[in-house]
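J.: sequence unknown, structure follows:
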């Protein structure tokens, strides 16, 4: 609270973090909420898909028809163990909508693309293309959520 010099008026700074706001929300606040909600919903759907992938990898380790590590070469066995752990960690981070979850998922998706191209028989080419599409969608939604409050024409102004 500040007292103005010469006047007996009290000026109160606006509370931007107030729990109760009077009036209607602005259009930019609605855009920000909608873009953020779309990103969180996408991340949660992606988390569900990555939980399924991680459990599928654990199924290959724990429930094989023959001894898993004896049946495959060491590179294939290493990729299965890597993705069994990495996919579930990424799924938790995505579900929490934490920034580290998106980073871990991106690393895992890029690694999955590279493994698909480099280790035959590990993943189908469908997953490589699906990962590329999911990465593009993730970046678009993240960009929209980050720029929802910027008014048109103010993107490049300082």
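T.: It's in. Because the structure is a prediction, the values reported are computed rather than measured.
J.: ok, longest helix in the protein?
T.: Counting residues, the longest helix found in the chain (DSSP state H) is helix 27-62.
J.: which elements pack onto it?
T.: helix 74-95, helix 99-118, helix 125-146 (3 or more Cβ pairs under 8 Å, 6 or more residues apart in numbering; DSSP states H and E). C-beta coordinates here come from the backbone N, C-alpha and C atoms, glycine included.
J.: CSV please, covering the ones you listed and showing distance to residue 58 and mean neighbour count.
T.: Shown next, in CSV, are the helices and strands packed on helix 27-62 (distance: least, Cβ to Cβ, whole Å; neighbours: other Cβ atoms under 10 Å):
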stretch, distance to residue 58, mean neighbour count
helix 74-95, 5, 18
helix 99-118, 15, 17
helix 125-146, 17, 14
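J.: looking at those, which is closest to residue 41?
T.: With distances scored as Cβ to Cβ, the stretch of the helices and strands packed on helix 27-62 nearest to residue 41 is helix 125-146 (9.2 Å).
J.: quick one: list the elements packing against that closest one.
T.: helix 27-62, helix 99-118.
J.: can you list these in TSV and add distance to residue 146 and mean pLDDT?
T.: Converted to TSV, the helices and strands packed on helix 125-146 look like this (distance: least, Cβ to Cβ, whole Å; pLDDT from 0 to 100):
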stretch	distance to residue 146	mean pLDDT
helix 27-62	8	85
helix 99-118	12	93
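J.: relative to residue 90, which of the ones you listed is closest?
T.: That would be helix 99-118 among the helices and strands packed on helix 125-146, by Cβ to Cβ, at 4.1 Å.
J.: circling back to that earlier point, want to throw the helices and strands packed on helix 27-62 into a markdown table with distance to residue 37?
T.: A markdown table is the format used below for the helices and strands packed on helix 27-62 (distance: least, Cβ to Cβ, whole Å):
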| stretch | distance to residue 37 |
| --- | --- |
| helix 74-95 | 15 |
| helix 99-118 | 16 |
| helix 125-146 | 9 |
